[in-house]
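Asks: Build me a structure from this.
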Amino acid sequence: MRVKLITDSTSCLGKEFYEQEDIGIIESLLRFDGEYKKDISDIERSDFLNRLNKMDLYPYSAHADFQDITKVIENAISDGYDEIFYIGVSNKITSQYEIVEFVSQEYKEKIKITLFQSGYMGSSQGGMVLIANKMLKNGKNVDEIIEILEANKDKIKTIIISESFKSLFKTGKVRRKSMISTSVKYLEKFWLYKPITEINQEEGLVNIDKARGKRFALKKAFKILSRELSHEIEYDLIFSKAGCNKYFSKIEKKMKKIFRIKEVHFWEASPVVIWAIGVKSIKFTLIPHF
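Replies: Model (predicted):
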């Protein structure tokens, strides 16, 4: 049985990887230059990075267009696939999963479609896609893959260090009240702090700590990962390029000291993910190695 793997552009696996592995992409939208544009297909990434940081308010985002979702499904049918396996973005962050679920109902007589709620976005979601892609190549069926993904959800961790709290507030997705502790609430120096955030299944994108400068933020991030993840298993390390790549070698070196790292991946964060976490963010993920 041929299974078509589909995910969202929020998975941050890179356009070349999607094409190479024949993975369908459902692209989120950003209102940019007066019109809604698809996350990967319609937005020139380097131009977007340059312009985004200069904006007082970030563009509006939206879930994928109904017609675009329909096209991805119909392409899988016309290409002769027997089943679609969609690994979706967290419904704590966007309603895109529900929209895909709604559209899928129209095709239940034409092709089997299995939807899986990842509970994540970004490279945590992308990590699940990597695992699923490997499992499909190894002959696993969709039910077996879902069992593996469910068993490993709590072993996946993404850390994000943003340039500033201001960059997060510009999206409108992160509320100021939830990000500012009383100890720094009224200090002008607050804006010098680097927020340390994660994407978790309970709350979506959430602040977990802060530090003066990225180097101190990384030290805190390493401690968080060391405390919360097992040291007994092998991991893959995924970097998402979001405009600040100079710390990657240091992070890789440190992660290899703390954990057993098997593979290292470097992917370009999509525009909508950069929109969510801020320009010049540092973003890296650990997933179990398969």
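
Asks: Now residue 73. Nearest residue, chain neighbours left out?
Replies: residue 107 (5.5 Å; CB to CB, 6 or more residues apart in numbering). Yep, even glycine has a C-beta here, placed from its N, CA and C like the rest.

Asks: same thing with residue 119?
Replies: Closest residue to residue 119 apart from its sequence neighbours, by CB to CB, 6+ apart: residue 201 at 3.7 Å.

Asks: So the one you found is in contact with residue 120, correct?
Replies: Yes - the pair residue 201 / residue 120 is scored as a contact, 6.9 Å apart, by CB atoms under 8 Å.

Asks: Next, show the common contact partners of the two.
Replies: Overlap of the contact sets of residue 201 and residue 120 (by CB atoms under 8 Å, 6 or more residues apart in numbering) consists of residue 90.

Asks: In terms of neighbours, single out the busier of these two.
Replies: A direct count of neighbours by other CB atoms under 10 Å for residue 201 and residue 120 places residue 120 higher, at 29 against 15.

Asks: Contacts only, for that one.
Replies: Neighbour list for residue 120: 89, 90, 128, 156, 158, 199, 200, 201 [criterion: CB under 8 Å, 6+ apart].

Asks: Counting neighbours, which of these end up buried?
Replies: Applying 16 or more other CB atoms under 10 Å to these, the neighbour count classes 89, 90, 128, 156, 158, 199, 200 as buried.

Asks: low-confidence ranges in this structure?
Replies: 166-192 (pLDDT under 70).

Asks: Walk me through the domains of it.
Replies: For the chain, automatic domain parsing gives the domain ranges 3-26+64-153, 155-288.

Asks: So what's the gap between the first one and the chain middle?
Replies: In terms of CA atoms, centre = their mean, to the nearest Å, the centre of domain 3-26+64-153 is found 13 Å from the chain centre.

Asks: follow-up on the earlier one: among the contacts of residue 120, which ones are in helices?
Replies: Among those, the subset assigned to helices under DSSP state H consists of residue 128.

Asks: could the contacts of residue 120 go into JSON lines alongside distance to residue 219?
Replies: As requested, the contacts of residue 120 are exported to JSON lines (distance: CB to CB, whole Å):
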{"residue": "89", "distance to residue 219": "30"}
{"residue": "90", "distance to residue 219": "28"}
{"residue": "128", "distance to residue 219": "28"}
{"residue": "156", "distance to residue 219": "22"}
{"residue": "158", "distance to residue 219": "18"}
{"residue": "199", "distance to residue 219": "21"}
{"residue": "200", "distance to residue 219": "21"}
{"residue": "201", "distance to residue 219": "26"}
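
Asks: Distance check, the residue nearest to residue 119 against residue 157.
Replies: As for residue 201, its distance to residue 157 is 11 Å (criterion: CB to CB, to the nearest Å).

Asks: try residue 247
Replies: 17 Å.

Asks: who's more crowded, the two?
Replies: residue 157 (21 against 17).

Asks: How about that one, nearest residue that isn't a chain neighbour?
Replies: Of all residues not flanking residue 157 in the chain, residue 286 sits nearest, at 5.2 Å (CB to CB, 6+ apart).

Asks: Just confirm that neighbour contacts residue 224, I think it does.
Replies: No - the criterion here is CB under 8 Å, and residue 286 misses it with residue 224 at 11.3 Å.

Asks: re earlier: ok, which of the domains of the chain comes nearest residue 32?
Replies: domain 155-288 (8.2 Å; CB to CB).

Asks: roughly how far is the closest one from the heart of the chain?
Replies: Between the centre of domain 155-288 and the centre of its chain there are 12 Å (CA atoms, centre = their mean).

Asks: same deal with stretch 17-36?
Replies: 13 Å.

Asks: now swap in stretch 57-74 and tell me
Replies: With CA atoms, centre = their mean, you get 16 Å for stretch 57-74.

Asks: What's the end-to-end length of it?
Replies: End-to-end distance for stretch 57-74: 36 Å, by CA to CA, to the nearest Å.

Asks: I'd assumed residue 104 was in a helix, is it?
Replies: Yes - counting by DSSP: H, G, I helix; E, B strand; the rest coil, residue 104 is part of a helix.

Asks: and it, how many neighbours does it have?
Replies: 18.

Asks: Which residues are in contact with it?
Replies: Here residue 104 is in contact with 73, 84, 86, 113, 115 (criterion: CB under 8 Å, 6+ apart).

Asks: what's the answer for residue 22, then?
Replies: Per CB under 8 Å, 6+ apart, neighbours of residue 22: 4, 5.

Asks: Ok, the one 3 residues further on next?
Replies: With contact set as CB under 8 Å, 6+ apart, residue 25 has these partners: 6, 7, 8, 9, 18, 40, 72.
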